[in-house]
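1. pasted the sequence and its predicted model underneath.
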Amino acid sequence: MGRSDFLYADPSWWSGLARTLDISGTLGDHSYNESRSGEDADRRATKEDWYSVGDDLAHATECYSKVHGEK
C-alpha cells in the first residue's frame, strides 16, 4: 500500500545519512517528482490517494471475509 507518495523524493538510507552529515549542503542532487503545474500535481495526488483508498477497502473486505467466511 502507500501509492500516494509519488510527489516526494525517495532517497536511500545512505543518502539520507549523508545529507544529515552534510552540514554545508554540498551534496545537492535534490531530485523530486515534478508536474507541469500545481493543478496537475493536485490532480495526480488526488488520483493516487483514491487508489490508496480503494486498496485499503479491498484489503479490509478481504480481512472481513477471512474472519466471517463471506465473500
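-> Nice, I can see it.
2. I'd like to know how many residues surround residue 38.
-> The number of residues packed near residue 38 is 8, by other Cβ atoms under 10 Å. Placement of C-beta: from N, CA and C, glycine included.
3. can you check residue 51 too?
-> Neighbours of residue 51 (other Cβ under 10 Å): 13.
4. residue 51: which element?
-> Counting by DSSP states H and E, the element that carries residue 51 is helix 38-68.
5. next one: that helix to chain centre, how far?
-> 12 Å (Cα atoms, centre = their mean, to the nearest Å).
6. tell me the buried residues in it?
-> By neighbour count with 16 or more other Cβ atoms under 10 Å, helix 38-68 contains the buried residues residue 48.
7. quick one: residue 62 and residue 13, what's the gap?
-> 31 Å (Cβ to Cβ, to the nearest Å).
8. before we move on, what about residue 59?
-> On the measure of Cβ to Cβ, residue 59 and residue 13 end up 27 Å apart.
9. run a quick neighbour tally on residue 21.
-> For residue 21, the count of nearby residues is 8 (other Cβ under 10 Å).
10. from residue 12, how far off is it?
-> 14 Å.
11. could you do residue 18 as well?
-> 9 Å.
12. for these two, indicate the residue with more neighbours.
-> A direct count of neighbours by other Cβ under 10 Å for residue 18 and residue 12 places residue 18 higher, at 12 against 8.
13. now the more buried one: which helix or strand?
-> Residue-wise, residue 18 maps onto helix 13-21 under DSSP H and E.
14. just how off-centre is that helix within its chain?
-> Relative to the centre of its chain, helix 13-21 is centred 20 Å away, using Cα atoms, centre = their mean.
15. which parts of it are buried?
-> Going by 16+ other Cβ under 10 Å, helix 13-21 has no buried residues at all.
16. what pLDDT, on average, does that helix get?
-> For helix 13-21, mean pLDDT is 76.
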